[in-house]
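S.K.: How does the following fold in three dimensions:
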Amino acid sequence: MLPFRTEIRNSPKEQTIKIYVKDITIYADIKNMLDKVGGIKFVEIQDSLSRNRVDKNITIFRNDGVNINDLKLTIDGLLDSYFAVK
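M.R.: Got it, this is the predicted structure:
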């Protein structure tokens with residue numbers, strides 16, 4: 001089982017990437033890491049409102065013109081590396 005899950009979500013305004021991690025104590029570390037990635041407009045830690053099994057999620061908003069699929073692959077790679085050393 002993976003320590004995280006990422007999803008591309010469609011909202012009425014724009015596409016976002018959601019990250020779900022069971023251990024919410026590391027959300028601030030992950031957010032700080034993602035704040036330095038190019039192509040990201042901003043990163044928020046939000047309360048999960050849907051039926052997910054975690055209380056919070058990390059929501060990533062991309063810059064205009066950035067391919068959401070490429071950004072998701074970049075984020076997945078960073079998270080794989082992050083959890084490989086944990």
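S.K.: secondary structure class for the residue nearest in space to the middle of the chain?
M.R.: Centroid check for the chain by Cα atoms, centre = their mean gives residue 19 as the closest residue, at 3.6 Å. Judged by DSSP: H, G, I helix; E, B strand; the rest coil, the three-state class of residue 19 is strand.
S.K.: How about the longest helix seen in the chain, which residues are buried there?
M.R.: Looking across the chain with DSSP state H, the single longest helix is helix 68-85. Neighbour counts over helix 68-85 (16 or more other Cβ atoms under 10 Å) mark 68, 71-72, 74-76, 79, 82 as buried. Heads up, the C-betas are built off the backbone N, CA and C, glycines and all.
S.K.: Which members of those residues define the maximum pairwise distance?
M.R.: Spatial extent of the buried residues of helix 68-85 (Cβ to Cβ) is set by the pair 68 and 82 at 20.5 Å.
S.K.: same for the helix or strand that contains residue 57, what does it pack against?
M.R.: For residue 57, the enclosing helix or strand under DSSP states H and E is strand 56-62. Where contact means 3 or more Cβ pairs under 8 Å, 6 or more residues apart in numbering; DSSP states H and E, strand 56-62 is packed against strand 15-21, helix 27-34, strand 40-47, helix 68-85.
S.K.: tell me the mean pLDDT for the last one?
M.R.: Averaging pLDDT along helix 68-85 yields 95.
S.K.: That helix to helix 27-34, inter-axis angle?
M.R.: Going by axes from the mean of the first three to the mean of the last three Cα atoms, to 10 degrees, helix 68-85 is angled at 120 degrees with respect to helix 27-34.
S.K.: Just to check, residue 16 is in contact with residue 57?
M.R.: No. Residue 16 lies out of contact with residue 57 (Cβ atoms under 8 Å); the separation is 10.0 Å.
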